[in-house]
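Asker: what's the 3D shape of this:
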Amino acid sequence: MISENILLLIALAPLAGALVAGLLRSQIGRIGAHSVTIAGVGVSCALSFYVWYQLVWGGAPTFNQNVYTWFQVGDFSTHIGFLIDRLTALMMVVVTFVSLMVHIYTIGYMADDPGYQRFFSYIALFTFSMLMLVMANNFLQLFFGWEAVGLVSYLLIGFWFKKPSAIFANLKAFLVNRVGDFGFILGIAGVLYFFHTLDYTTVFDHADALNGKTLDILGATPWSAATVICLCLFVGAMGKSAQVPLHVWLPDSMEGPTPISALIHAATMVTAGIFMVARMSPLFVLSNTALSSVLVIGATTAFFTGLIGIVQNDIKRVVAYSTLSQLGYMTAALGASAFGAGIFHLMTHAFFKALLFLGAGSVIIAMHHEQDMRHMGGLRRYMPITYITMWIGTLALVGMPGFAGFFSKDAIIEAVRESHLGAASTYAYWCVLLGVFVTAFYSFRLLHLTFHGQERFVVEHGKPHGHGDHGHHEPGHLTHAPHESPWVVTVPLILLAIPSLGIGWMTVGAILHGDYFGTAISGAATYGGEAFAGPFATMLAGFAAPPFWLAFAGFAVATYIYLFNPALADRAKKALHPLWRLLDRKYWFDEIYQAVFARGGIALGRGLWKGGDTGVIDNILIDGTSAGVGRIAATVRWVQSGYLYTYAFAMILGLVVLLGGLWWVVRV
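Answerer: Sure, this is the predicted structure:
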């Protein structure tokens, strides 16, 4: 059975490892740092699997208890507590397993980095923060975990704080997420205003009470309370899960070391928004306006950010834009009320996206931390394990029938097609469908440029080069031939490749076509309109479906261009230069934000400083007041002469004025 002590151990074991590795890093050294953090996350992972097993097969009921009272103000109180149902258990397993793989991988990847112990402390703290988020049973604890993952991501993206680009990237992530978090906390405030509690169970049980409730915000027309609350909550999800237009921070998060890129993109921060909307499904199903907004934004992100991945040359950035696109698919599923499909894709995506990022990191190690794919090529001969696992991750990503991504992505496309949200559904369907071709094209482009074709690097034995992700060397010039990564890198790749290949077969029936989630989420969606005949029959049907042929077309085009006719890529770039520039500049989001918000904010600040602070406060209130006091004091000093006849004259003059005033009043 599930006990409170087990749940406390799951949450606090990574925190204990983080504190020991961070505070005692000099005493325990490198081996001690990775040992204690891996042990903490390993315990959490093992117990998470135990909790998941008890809920699914052991007959354990949903656990919903408070551990202690956080604070109480009058009749309102909030608590630290856990809500452990099948949705939470699934997230716990995904978070801890991927985090454990990343921890092991980090031993090899960060072996020569001077911040070794600090990095292990941060990633263990990241795991604790995400667990507190997904295990929460109330909105305030959810917000604590929400802000904690944001804080740790800030520390990790800017881990190499001596690099200006890393500092810029973590500030960018911080500021963009402040926008999302402001909307999120407004949504929580709306929940408190209407329900007078922040407890999940109480809010969800009485969610229907929002029907008919309105808010006066702008104009004479009242706004639906459910719509306002859900849209505010979703603004928070847009920031954390990097949805257009709050997506700009995620590609720049590549400035952090590769292990944290995998952890952020696969199992922690960016999945927080998807999980939150699924958890809040009893509220979202009350507003078609909110669902339509979620659907359109998700579909837009899925297609248009995927297009940017086509023109990227940095191997990590291609995978990063892939994450943006796949998060768009998950969000579109949520908007189509297919909350189960969204969480299912979150789970499958966590495994193959972590695999792709860690595989990219393995390539970067072999290439002496070169990340430009134009300086790679032919690496399959040097890195067979990385090559095979990257192929598995790519086939899962593009939705090859039988692989994990196929079962979840095709279900999302079907759910969007069957959605009844009018024009929003039609627009979203074409976006997610055409996005399959885009995904296949940039994915196989990455594989071909990295592992196939001729070698586009030069081995110059004996020449020194910079080490670490932040080292410097001449592009395409290596001091020794590439080779396969050590076992601490390849073993996590193999362990992640297994679920990337088979997790869909094992879970598609229960999650999509069964009653796996029970009452954990609301909303219903159809996936093809036919009875489920098993994963094998679903796979066979997938070969005849439009997504497969679009993925095959993307594979064929990428293979022809980058394997058989590489010169065609340059000719296409010149012929389609306006489109290429649009994608290369990422639709000018960064420039627009910098011009409007960054420079506009600076201009506003300077205007307030010169006009308000200097002009009003300094010149008028402070300097003007002091000058006025000085003038008054000078006048008073002239009057206070010290001569008796001056005071006598002033008294007589005052008496005359007083008598004259009285006479005038009496006369009137």
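Asker: what's the neighbour count on the closest residue to S153 other than its chain neighbours?
Answerer: Setting aside the residues directly before and after it, S153 is nearest to M269 in space (C-beta to C-beta, 6 or more residues apart in numbering), at 5.0 Å. Just so you know, the C-beta spots here come from the backbone N, C-alpha and C atoms, and that holds for glycine as well. Neighbours of M269 under the rule other C-beta atoms under 10 Å: 30.
Asker: could you do H420 as well?
Answerer: Going by other C-beta under 10 Å, the residues that sit close to H420 add up to 9.
Asker: which residues of this structure fall in strands?
Answerer: Ranges of strands in the chain, per DSSP state E, are 63-73, 76-84, 214-215, 223-224, 458-459, 477-478.
Asker: which other helices and strands contact the fifth one?
Answerer: It refers to strand 458-459. The elements that strand 458-459 packs onto, with contact taken as 3 or more C-beta pairs under 8 Å, 6 or more residues apart in numbering; DSSP states H and E, are strand 477-478.
Asker: give the other helices and strands that the strand it packs on contacts.
Answerer: Contact partners of strand 477-478 among helices and strands, from 3+ C-beta pairs under 8 Å, 6+ apart: strand 458-459.
Asker: what's the mean pLDDT across the strand it packs on?
Answerer: Taken as a whole, strand 458-459 carries a mean pLDDT of 82.
Asker: which residues does G405 contact?
Answerer: Applying C-beta atoms under 8 Å, 6 or more residues apart in numbering, we find G405 in contact with 345, 348-349, 352, 395-399, 500, 504.
Asker: let's have the strands of the chain in CSV, adding distance to I264 and mean neighbour count.
Answerer: Shown next, in CSV, are the strands of the chain (distance: least, C-beta to C-beta, whole Å; neighbours: other C-beta atoms under 10 Å):
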stretch, distance to I264, mean neighbour count
strand 63-73, 28, 13
strand 76-84, 24, 19
strand 214-215, 35, 14
strand 223-224, 34, 18
strand 458-459, 33, 11
strand 477-478, 29, 18
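Asker: R637 is nearest to which of the ones you listed?
Answerer: Among the strands of the chain, strand 63-73 comes nearest to R637, with 56.1 Å by C-beta to C-beta.
Asker: can you list the strands that the closest one pairs with?
Answerer: Strand 63-73 pairs in its sheet with strand 76-84 (antiparallel), by DSSP bridges.
Asker: surely I107 meets V488?
Answerer: Yes - if you go by C-beta atoms under 8 Å, I107 and V488 touch, sitting 4.5 Å apart.
Asker: ok, the two, which is more surrounded?
Answerer: Counted by other C-beta under 10 Å, I107 and V488 do not tie: I107 has more neighbours, with 22 against 16.
Asker: how close does the closest residue to I494 other than its chain neighbours sit to Y382?
Answerer: Once flanking residues are discounted, I494 sits nearest to T389: 6.5 Å by C-beta to C-beta, 6+ apart. Look at T389 and Y382: by C-beta to C-beta, to the nearest Å, they are 14 Å apart.
Asker: which of the two has more residues huddled nearby?
Answerer: Using other C-beta under 10 Å as the criterion, T389 and Y382 rank with T389 on top: 27 against 17.
Asker: the more buried one against P492, yeah?
Answerer: No - with contact defined as C-beta under 8 Å, T389 does not count as touching P492 (9.5 Å).
Asker: hmm, back to that, among the strands of the chain, which comes closest to D112?
Answerer: Closest among these, using C-beta to C-beta: strand 477-478, at 16.5 Å.
Asker: what is the least confident helix or strand in the chain?
Answerer: One helix or strand of the chain scores below all others by mean pLDDT, DSSP states H and E: helix 623-639, with a mean of 72.
Asker: packing partners of it?
Answerer: Helices and strands touching helix 623-639, by 3+ C-beta pairs under 8 Å, 6+ apart: there are none.
Asker: hey, C-alpha coordinates of it in PDB?
Answerer: Provided in PDB are the C-alpha atoms of helix 623-639 (Å, rounded to 0.1, in the frame of the first residue of the first chain):
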ATOM      1  CA  ASP A 623      15.700  70.400  -4.800                       C
ATOM      2  CA  GLY A 624      12.700  72.700  -5.100                       C
ATOM      3  CA  THR A 625      11.700  72.000  -1.500                       C
ATOM      4  CA  SER A 626      15.100  72.600  -0.200                       C
ATOM      5  CA  ALA A 627      15.500  75.800  -2.300                       C
ATOM      6  CA  GLY A 628      12.100  77.000  -1.100                       C
ATOM      7  CA  VAL A 629      13.000  76.400   2.500                       C
ATOM      8  CA  GLY A 630      16.200  78.300   1.900                       C
ATOM      9  CA  ARG A 631      14.400  81.300   0.500                       C
ATOM     10  CA  ILE A 632      11.900  81.300   3.400                       C
ATOM     11  CA  ALA A 633      14.700  81.000   5.900                       C
ATOM     12  CA  ALA A 634      16.500  84.000   4.200                       C
ATOM     13  CA  THR A 635      13.300  86.100   4.500                       C
ATOM     14  CA  VAL A 636      12.800  85.100   8.100                       C
ATOM     15  CA  ARG A 637      16.400  86.000   8.900                       C
ATOM     16  CA  TRP A 638      15.900  89.500   7.400                       C
ATOM     17  CA  VAL A 639      12.700  90.000   9.500                       C
END
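Asker: contacts for it?
Answerer: 646, 650.
Asker: in that helix, what's buried?
Answerer: Under the neighbour-count criterion of 16 or more other C-beta atoms under 10 Å, helix 623-639 has nothing buried.
Asker: from the chain's centroid, how far away is that helix?
Answerer: A distance of 60 Å separates the centroid of the chain from that of helix 623-639, by C-alpha atoms, centre = their mean, to the nearest Å.
Asker: got it, and stretch 14-30?
Answerer: When distances are taken as C-alpha atoms, centre = their mean, stretch 14-30 is centred 26 Å away from the chain's centroid.
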